[in-house]
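> fold the following, please.
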Amino acid sequence: MDTRIRWIRFGSVAAAFALAFVWQVWAGVEPSGSQTGRASGAKVVIVAPEAGAVIDTEEVTVAWNLQGISPDAAQSVAVFRNGKVQKTFTGSQIAKEMSCIITMGRGEQVVEVVVTPAAGREIRESVTLQSEASGYRALLVEKTREYEKTHTRVTNDCATMAEIHGDESIPGPAKKAVFEQFLKDRPDDRECRPQVEQWLRYLKDRENMVLVPGGTYRMGCTQGDPLCEADESPPHYVTVSSFHMDAYEVTVAQFEACVHAKGCNENFVIVTDQPQCNYGRDDRMTHPMNCVNWYAAEQYCKWRGKRLPTEAEWERAARDANSDNIYAWGNAPATCDRAVMNEDWAGCFRDKTWPVGKKPKGKTLSGLYDMAGNVAEWCGDYYHSGFYRSSPGEDPQGPVAGLGRVLRGGGWTDPAGRLRASDRHFGSDTNSVLTDPTTGFRCAGD
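Numbers count the residues shown, from 1 in each chain. As a prediction, the model looks like this:
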């Protein structure tokens, strides 16, 4: 055979193999013999959420599987919402089964997972959802623009701000942006500014507050608790609406900020001859504010746009919705491992308060610290030893008068019995300086 013919045939075969290889790469098919690349029929399967699902939360978990392609062969995996990338994974982050959390918008949402292989075309899979979430990012822009367009033409800006504050459909970040813009635009405003500043302080505080879900629980003496006293009876069922509670007791630094802003009266709290009072001592700025009377505590909470909790709210929060809990953490004994208390020595051998939140073993399941010990906490209610015999069944506010105001939770000088969730105590509500270093407070909000 002619040598030229042999070379032509050889060249034709080589060209055919080359074209086949190029087609495989272009089509995303691994050359034969590859064990780690993408096989024919490679796809991504979104297993959650289901197509057509109605989402009513701000965030949703997207889960998917890679089929017909190994993780090593994927260069990247990206998750999109309505065409905008939300998450991207590369290298060792890529696995056969994956998931991530993305933030939802409002209305129809197209969630798409896109796999980019090291060679070949992208693999895509999408689901269309219907979101009923508030979509605060979109709402933030909407409400801010609405404010910018209208606030200069509205004769009563206070009413506009109050409407935004009272609109529960507007999430906190959107309200915060509007309030901050208002304060920036109106530095000399005297009519609305104090109220808007208060609302803004409350919105910022909400980041350090715990939501206590509403519900019905058994208030009063826990069955089988040998330390119950007469004023804890009779046990009775109470329904409480949802509310928020400060995760920590109010600190000296926080109260001092209120004094400096002239929101709190310093005359209520200055005690120079009581070394166990924390106010004015630079080394105790993170300790709970103590030696504080009921009026000063109420004044601070109002300055923050909040209030003192009712006695029923306080016990609901301390029991963590479990009526059988004797203590905030459950039924394990009260010791210095869980609370700042008097176990052989006051203050767990420190003879004073501790910085807030230093007993994590004693926090409630929902994340409230020092609900037992450190300082006893003021409630909004008057105290009456027989109130439980006639207490309303829904959101009780306490009696109309009493011996003083309710104190709950026990302090650093108290033994285990005072730290129980059902224990009731009271302090004088006279509007004068209080020298009791075991008394403090935290705030609640709706």
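> hmm, residue 375 is touching residue 413, no?
No: taking contacts as C-beta atoms under 8 Å, residue 375 lies outside contact range of residue 413: 9.9 Å. Placement of C-beta: from N, CA and C, glycine included.
> what about these two, which has more around it?
Neighbour totals were compared for residue 375 and residue 413, and residue 375 leads with 33 against 22 (other C-beta atoms under 10 Å).
> distance-wise, check that one relative to residue 212.
Plainly put, residue 375 is 20 Å away from residue 212 if you go by C-beta to C-beta, to the nearest Å.
> picking up where we left off before, shared neighbours, residue 375 and residue 413?
Common neighbours of residue 375 and residue 413 are listed as residue 438 (criterion: C-beta atoms under 8 Å, 6 or more residues apart in numbering).
> show me the shaky parts of the protein.
1-40, 133-156, 269-272, 321, 431-433 (pLDDT under 70).
> so what are the domain limits for it?
Following automatic domain parsing, one finds the domains of the chain at 38-131, 136-191, 208-446.
> out of the ones you listed, deepest packed?
domain 208-446 (a mean of 20; mean count of other C-beta atoms under 10 Å).
> first to last residue in it, what's the distance?
14 Å (C-alpha to C-alpha, to the nearest Å).
> C-alpha coordinates for stretch 160-179, PDB please?
Extracted in PDB, the C-alpha atoms of stretch 160-179 (Å, rounded to 0.1, in the frame of the first residue of the first chain):
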ATOM      1  CA  THR A 160     -45.700  59.200  60.900                       C
ATOM      2  CA  MET A 161     -43.000  57.800  63.200                       C
ATOM      3  CA  ALA A 162     -45.700  56.400  65.600                       C
ATOM      4  CA  GLU A 163     -47.400  54.700  62.700                       C
ATOM      5  CA  ILE A 164     -44.100  53.000  61.700                       C
ATOM      6  CA  HIS A 165     -43.300  52.100  65.300                       C
ATOM      7  CA  GLY A 166     -46.700  50.500  65.800                       C
ATOM      8  CA  ASP A 167     -46.800  48.600  62.500                       C
ATOM      9  CA  GLU A 168     -45.900  45.000  63.500                       C
ATOM     10  CA  SER A 169     -45.500  44.000  59.800                       C
ATOM     11  CA  ILE A 170     -42.400  46.100  59.600                       C
ATOM     12  CA  PRO A 171     -39.300  44.200  60.900                       C
ATOM     13  CA  GLY A 172     -36.900  45.800  63.400                       C
ATOM     14  CA  PRO A 173     -34.100  46.500  60.800                       C
ATOM     15  CA  ALA A 174     -36.500  48.500  58.600                       C
ATOM     16  CA  LYS A 175     -37.800  50.500  61.600                       C
ATOM     17  CA  LYS A 176     -34.300  51.100  62.800                       C
ATOM     18  CA  ALA A 177     -33.200  52.600  59.400                       C
ATOM     19  CA  VAL A 178     -36.200  54.900  59.300                       C
ATOM     20  CA  PHE A 179     -35.700  56.200  62.900                       C
END
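> which non-adjacent residue is nearest residue 328?
In space, and not counting its chain neighbours, residue 328 is closest to residue 371: 3.9 Å by C-beta to C-beta, 6 or more residues apart in numbering.
> got it, and residue 364?
residue 320 (4.4 Å).
> what about the one you found, distance to residue 71?
Applying C-beta to C-beta to residue 320 and residue 71 gives a distance of 42 Å.
> try residue 118
Residue 118 is 11 Å from residue 71, where distance means C-beta to C-beta.
> now swap in residue 399 and tell me
Counting by C-beta to C-beta - residue 399 and residue 71 are separated by 66 Å.
> again with residue 214
For residue 214 relative to residue 71 (C-beta to C-beta), the value is 46 Å.
> same check, this time on residue 443
Following C-beta to C-beta, the distance that separates residue 443 from residue 71 is 50 Å.
> and residue 112, by the same measure?
19 Å.
> ok, now residue 395?
Taken as C-beta to C-beta, the span from residue 395 to residue 71 is 54 Å.
> show me where the stretch 1-150 of the chain has strands.
Remark: strands assigned in the stretch 1-150 of the chain by DSSP state E, counting those that start in this stretch are 38-48, 54-55, 59-69, 74-81, 84-90, 97-103, 107-117, 123-131.
> tell me which of the ones you listed lies nearest to residue 307.
strand 59-69 (30.1 Å; C-beta to C-beta).
> what ranges do the helices span in the stretch 101-250 of the chain?
Assigned helices in the stretch 101-250 of the chain, in chain order: 136-150, 157-166, 172-185, 193-205 (criterion: DSSP state H, counting those that start in this stretch).
> redo those as JSON lines? Include distance to residue 293.
Below are the helices of the stretch 101-250 of the chain laid out as JSON lines (distance: least, C-beta to C-beta, whole Å):
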{"stretch": "helix 136-150", "distance to residue 293": "39"}
{"stretch": "helix 157-166", "distance to residue 293": "30"}
{"stretch": "helix 172-185", "distance to residue 293": "31"}
{"stretch": "helix 193-205", "distance to residue 293": "22"}
